[in-house]
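>>> let's see this in three dimensions:
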Amino acid sequence: MNFLFRNINNMMFGNKATMDLVEIPAGQLFRVDPYNSAALKGLVFPDASATIRRTTTPFQYQLVVSRLFQEGEDDEDEDDDDALLDAERTFLLDESLRLRRVGSKAGIFSFEWADIDDTDGGRGWEFVIDLSVAELTQSLFEDTAYTCMYERSHGMDHAKASDDELSAFVEKIKAAAYANPIGRRKQALSTPSKTPAKGLGPGSSAQTPRTSGTPRTPGVPATPTPAGPRTPLSAVSAARKLSDVPTGELIGSVSVRLYLFDPRVQTFLTMASEATAEITEIDQWTFQLIVRTGEQVWLCQPIEEDMSPTFSKEHLSFNFNYLDEETRLPLYTWSLRFADVQGEAEFRNLVTECIYEMKNQELFRKMGKGEQEYLMRMYDDDPMEIDEREEALDEEAAEEDEQWEEENVEEDPLTDEGSDSDDETGQKAYKDGTAGSKNSQLAVGYKHDRSFVVRGDKIGVFRHTEDDRIKFATTINNVRSMDGQTFSPRKVMLHQQDTSLIMMKPGDENKLYKMDLEMGKVVEEWNIDEHRKVEEIVPDQKYSQLTTNQTMIGIGHNSIFRIDPRLANNKLVESEAKQYKTKSDFSCATTTGKGELAVASKKGEIRLYNKLGLNAKTLLPGGGEPIIGIDTTENGKWIVATCRTHLFLVNTEIKNPKGGPGTLGFQKSMGQEKPVMKRLQLKPEHVAWLGTVDFTPARFSTGDAEEQAIITSSGKNVIRWNFRRVKQGHNYDYTIKMYADTVVADNFKYGEDRAMIVALPSEVEMITKKSLSTPVKLLKSRHSVVNSPY
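Numbering: from 1, shown residues only. Next up, the predicted model:
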């Protein structure tokens, strides 16, 4: 048994006002019968939840599996008591159930238990856990079930038992389950001697499983195999000794209090009031964090970016995730609380150094002192500075938000079922015509309310409606070069009032292709420069696509240059080109409303230019993580840069400029006044629930008004930060929309921070701010995944 959750269980069992102890919100219930050749596994509930519930009798608990109905599905049976009873299966949590958690090679986990009334042996039940349910929830459920069985078996509070006694009890149940698994037909069908289950006594509401006709049989899930001991569980087990962890050179230690996040109560619970946090170097560029109380090790894990490290000066804390060493998925969220400011600061500096050296394979101290101090501030979780002018504008925006919420509370166009049949037919034809291909890129129009989605060698055109919906318009078939070769564009940019699309062809990095969107074909091919490869293209100014301007900016690995299609032969403007001799590794770029340029690199650096062909006015050092996307506000004051696990938000305004207030790092070197690249990241406890973070390029909202929001996505989740609130110091003011498939790309509708276009591998839709929820709301709602319309 994993005694990591002992304190959590003590808290749960002690709260008598709560009948439900723990729940798995999504899964399927099967009846297993090895003697039924027609149906080894029969589906009982296609959508179900599993709950461990206390009864009115001390030390007696139930495992309750309830069917979850889709909207309108249970209307016919709502007055039928028998039908409602059939929607629930109840099992007394007794050791004779031989309950165990098993896993398949496909990564699907389930709980299985015996039918205690089965005289033949082998019959039982299986609850297949939905893939959306976090490992933490599954482990808590398993530990709680065993704890309930112990209390029933011994007739006493589990808190009075020692760790060894609980462990021996659990091992006995697992050994019985392994020796006599469900689903296996016995060779000799003699009636086994079976210990009768203890009665619950008066007041009990428990009942044996009801039988309900012949269940329909779906495709049988992969046959589960016993789940082996998971490395992270052994790493955090209280039974682990200091002698069991890898040894290394101690480089720092500090006294802390240790907490573990419990998603059921949405809070951190105390695991150890006195502990020591140590950082050791076990190999070159390899560091580990150990938290222990004496010889007892609570956790031991590598120090890395994927642990979602988050420090808070205000709370003197360090929050982070524990990762599964095999799947690399986050399992638990820990928190260390320091005794004083000095302890937090010294530990933060050590963690920063370790992550930098691990990523860059070089010593942190080799950097200049200014760069060291700059990087040390990246992990601060404290508010950014905001001037009074912006604060006044933000208050106005907040009032507009409230007014919009009131006006839109009754209607949601996303749930309107009156969609055009023509649109549905068109989308179906588009999908059928692009079978075998997936959506790969999204370009949102500013001038004519259109979105363009690349899907193989075709481009889908979608119209934005006034009620914030999206309608299929047409398909541009067979994207071809001038010589007739079809290709799937690897980069697209709308140009000249959305009348043309500039495209890059895979494997042809010295050319650009111009498609006339009215004609639906490539009409020009531009040779840029035979010695420079084009990795990225951006408009001359942020909203150049609203104008008839013809030029644009190209980015190579080590070069920046203007592209003018009006030139004869090569289109690169030599007088406005900058070639670096050293390896700069440029990765992406963006422009402001005035045409100032921000260029990011795979090293995490950001360079700010006010004119092409010259050196950058400001260089912001990088921490070593590649920047995969970058965007600016129209006035250039704010930059958002995207890394895989987090975003960076930068205020480019110089604090004490000689050029007067409002001077930015684009116009004058920031020198020693470099701003902190403020990290925007998901809370570690939300990452543990959502899974691995892999952000797509983040974008500011667009239009004439001040930017109010930032949009990005990770995996199957669209994430929207309230930029207005972030500037006020609320770094975790974000909302989420979950999908059943991976989000390919997303962006705001032009002029609307409350409407967003989202491209999935096979779908395109527009959503509004109302369709996103806070993480707390999603965590609390057991129907958030099961009843998702997607």
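
>>> each with direction, which strands does the longest strand belonging to the chain pair with?
Secondary structure of the chain per DSSP state E: the longest strand is strand 267-283. Partner strands for strand 267-283, per DSSP bridges, with pairing direction: strand 249-262 (antiparallel), strand 286-293 (antiparallel).

>>> for it, buried residues please.
For strand 267-283, the neighbour count (16 or more other C-beta atoms under 10 Å) marks 268, 271, 272, 275, 276, 277, 278, 279, 280, 281 as buried. Using the backbone N, CA and C atoms, a C-beta is placed for each residue, glycine as well.

>>> and of these, the nearest to residue 652?
Checking the buried residues of strand 267-283 against residue 652 with C-beta to C-beta, the nearest one is residue 279 at 34.1 Å.

>>> beta partners of that closest one?
Assigned bridge partners for residue 279, using DSSP bridges, are residue 252, residue 289.

>>> ok, back up a step: tell me which residues are up against the longest strand of the chain.
4, 7-8, 11, 246-262, 287-293, 298, 303, 335-336, 347, 350-351, 354 (C-beta atoms under 8 Å, 6 or more residues apart in numbering).

>>> could you flag which of the residues you listed are buried?
Listed as buried from the contacts of strand 267-283 are 4, 7-8, 11, 248, 252-254, 256-262, 287-292, 298, 303, 335-336, 347, 350-351, 354; burial here means 16+ other C-beta under 10 Å.

>>> so for the nearest residue to residue 541 once chain neighbours are set aside, what's the pLDDT?
Leaving out its chain neighbours, the residue that sits closest to residue 541 by C-beta to C-beta, 6 or more residues apart in numbering is residue 595, at 4.6 Å. In this prediction, residue 595 carries a pLDDT score of 96.

>>> in three-state terms, label residue 595 for me.
Assigned with DSSP: H, G, I helix; E, B strand; the rest coil, residue 595 falls in the coil class.

>>> where along the stretch 301-450 of the chain do the strands fall?
310-312, 317-323, 330-338, 439-444, 450-455 (DSSP state E, counting those that start in this stretch).

>>> now do the second one: which elements does it pack against?
Counting contacts by 3 or more C-beta pairs under 8 Å, 6 or more residues apart in numbering; DSSP states H and E, the secondary-structure elements packed against strand 317-323 are helix 231-236, strand 296-302, strand 310-312, strand 330-338, helix 341-360, helix 684-690.

>>> okay if I get the ones you listed as CSV plus mean pLDDT?
As requested, those are arranged in CSV below (pLDDT from 0 to 100):
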stretch, mean pLDDT
helix 231-236, 35
strand 296-302, 91
strand 310-312, 90
strand 330-338, 92
helix 341-360, 92
helix 684-690, 89
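
>>> residue 626 is nearest to which of the ones you listed?
Closest to residue 626 of the helices and strands packed on strand 317-323, according to C-beta to C-beta: helix 341-360, at 9.8 Å.

>>> just the CA trace of that closest one, in PDB.
Provided in PDB are the C-alpha atoms of helix 341-360 (Å, rounded to 0.1, in the frame of the first residue of the first chain):
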ATOM      1  CA  VAL A 341      12.900  34.600   2.800                       C
ATOM      2  CA  GLN A 342      16.500  33.600   2.700                       C
ATOM      3  CA  GLY A 343      15.800  29.900   2.500                       C
ATOM      4  CA  GLU A 344      13.300  30.400  -0.400                       C
ATOM      5  CA  ALA A 345      15.800  32.600  -2.300                       C
ATOM      6  CA  GLU A 346      18.800  30.300  -1.900                       C
ATOM      7  CA  PHE A 347      16.800  27.200  -2.900                       C
ATOM      8  CA  ARG A 348      15.300  29.100  -5.900                       C
ATOM      9  CA  ASN A 349      18.700  30.100  -7.100                       C
ATOM     10  CA  LEU A 350      20.000  26.500  -6.800                       C
ATOM     11  CA  VAL A 351      17.000  25.100  -8.700                       C
ATOM     12  CA  THR A 352      17.500  27.800 -11.400                       C
ATOM     13  CA  GLU A 353      21.200  26.900 -11.800                       C
ATOM     14  CA  CYS A 354      20.500  23.200 -12.000                       C
ATOM     15  CA  ILE A 355      17.800  23.600 -14.700                       C
ATOM     16  CA  TYR A 356      20.000  25.900 -16.700                       C
ATOM     17  CA  GLU A 357      23.000  23.600 -16.600                       C
ATOM     18  CA  MET A 358      20.900  20.500 -17.400                       C
ATOM     19  CA  LYS A 359      19.400  22.200 -20.500                       C
ATOM     20  CA  ASN A 360      22.600  24.000 -21.700                       C
END
